[in-house]
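Student: quick check, what structure comes out for this input:
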Amino acid sequence: MRGVGLVLLMGVLLIYGCDAGTSEQGNEAANDIPIALKPAELDWVGQKIFHNECAGQFQCLVHWNVGEAFPSLGVGHFIWYPEGVNERFVESFPALVEYMKQRQLNIPLWLRELEPFDSPWPDKPAFEAVENSVRVAELREFLAGTQGIQAEFIVRRAQSSLAEIVESVPEERRAQMKTDLEALGSSPGGIYALLDYVNFKGEGLADTERYNGEGWGLRQVLLAMEPNPEIETLERFRNAAARVLTRRAENAVNPIEKNRWLKGWLKRLETYKQPDGEISSVKKS
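Tutor: Alright, predicted model coming up:
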């Protein structure tokens, strides 16, 4: 099952990675960035993202993290708020399901007919009480079998946000930002970093995603990149992301972000490197 999902995921990245300029969004910033990877490179990128979010584990496809008020689902750990929960983070699972409906997938009937479309589990204990139920098992199976569509959703989300991010910054910063995006989009490590970070911490455009008025998404990382011709663009991205996420943890009201989560975030950023010999060692499951 996992092997089939990874093959599907790689196929989608191949379609949307190698032909980014023909995306339906048609946005200028995305078209300006060459995203072309060989099949083995695509395999590496896909496995990295899947491992970051789910460690390749089937059970993790429907999961409720400690310290969070919502479950996370799919290879991208898409957020799904229960009724009455409306936190600052951008909810993504309903948008994914809507995209799946547009693609005419065979969505589980109970999920399709859910009204309102809120998480049916109000809190973590309620989820844990039914975690081994038929419905949750059916949802995991569905998400395991649609990894390619989820990857497509991640790619489209990242692509569609680039123009808006560039346009949202002061005009004098746009040229350097586009140069950095083009450099990141020209290598497997850079493409992986862009896709993973948007899926991981968002675009940085939502006003709600702020602590003390400061955000932590892709926009904030690109703005925090310090121009330095002697340092590789991907390394500057990685360093900027570390500063942005450290700032978020220090601004957070909940100490779990600084005391527990930050270490994992920074470790994840360490994977934002060029693959070197990793790609040749990747084997399809």
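
Student: remind me which residues of the stretch 1-150 of the chain are low pLDDT?
Tutor: 1-37, 39, 42-43, 46 (pLDDT under 70).

Student: could you do the stretch 151-285 of the chain as well?
Tutor: 277-278, 280-285.

Student: where along it do the strands fall?
Tutor: Ranges of strands within the stretch 151-285 of the chain: none, based on DSSP state E, counting those that start in this stretch.

Student: do a quick rundown of the helices in it.
Tutor: Remark: helices assigned in the stretch 151-285 of the chain by DSSP state H, counting those that start in this stretch are 171-184, 188-201, 218-224, 233-251, 256, 262-269, 278-281.

Student: and of the ones you listed, who's closest to Q147?
Tutor: With respect to Q147, and counting by C-beta to C-beta, the nearest of the helices of the stretch 151-285 of the chain is helix 188-201 at 13.1 Å. In short, each C-beta sits where N, CA and C put it, glycine included.

Student: can you give me the angle that closest one makes with helix 262-269?
Tutor: 150 degrees (axes from the mean of the first three to the mean of the last three C-alpha atoms, to 10 degrees).

Student: CA atoms of helix 188-201 as PDB?
Tutor: The C-alpha trace of helix 188-201 is given here as PDB (Å, rounded to 0.1, in the frame of the first residue of the first chain):
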ATOM      1  CA  PRO A 188      15.800  19.300  -5.900                       C
ATOM      2  CA  GLY A 189      16.900  20.500  -2.500                       C
ATOM      3  CA  GLY A 190      15.400  23.900  -3.000                       C
ATOM      4  CA  ILE A 191      12.100  22.600  -4.400                       C
ATOM      5  CA  TYR A 192      11.800  20.300  -1.500                       C
ATOM      6  CA  ALA A 193      12.400  23.100   0.900                       C
ATOM      7  CA  LEU A 194       9.800  25.300  -0.600                       C
ATOM      8  CA  LEU A 195       7.100  22.600  -0.900                       C
ATOM      9  CA  ASP A 196       7.800  21.200   2.600                       C
ATOM     10  CA  TYR A 197       7.900  24.600   4.300                       C
ATOM     11  CA  VAL A 198       4.600  25.800   2.800                       C
ATOM     12  CA  ASN A 199       3.000  22.500   3.900                       C
ATOM     13  CA  PHE A 200       4.700  22.700   7.200                       C
ATOM     14  CA  LYS A 201       4.200  26.300   8.300                       C
END
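
Student: so what does that helix touch, helix or strand wise?
Tutor: Contacts defined by 3 or more C-beta pairs under 8 Å, 6 or more residues apart in numbering; DSSP states H and E place helix 188-201 against helix 39-54, helix 147-168, helix 171-184, helix 218-224, helix 233-251.

Student: picking up where we left off before, out of the helices of the stretch 151-285 of the chain, flag the one nearest F142.
Tutor: helix 188-201 (19.3 Å).

Student: ok, back up a step: okay, the helices and strands packed on helix 188-201 in a markdown table with mean neighbour count and distance to L114 next?
Tutor: Compiled in a markdown table, these are given as follows (neighbours: other C-beta atoms under 10 Å; distance: least, C-beta to C-beta, whole Å):
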| stretch | mean neighbour count | distance to L114 |
| --- | --- | --- |
| helix 39-54 | 21 | 23 |
| helix 147-168 | 22 | 19 |
| helix 171-184 | 15 | 37 |
| helix 218-224 | 23 | 31 |
| helix 233-251 | 20 | 32 |
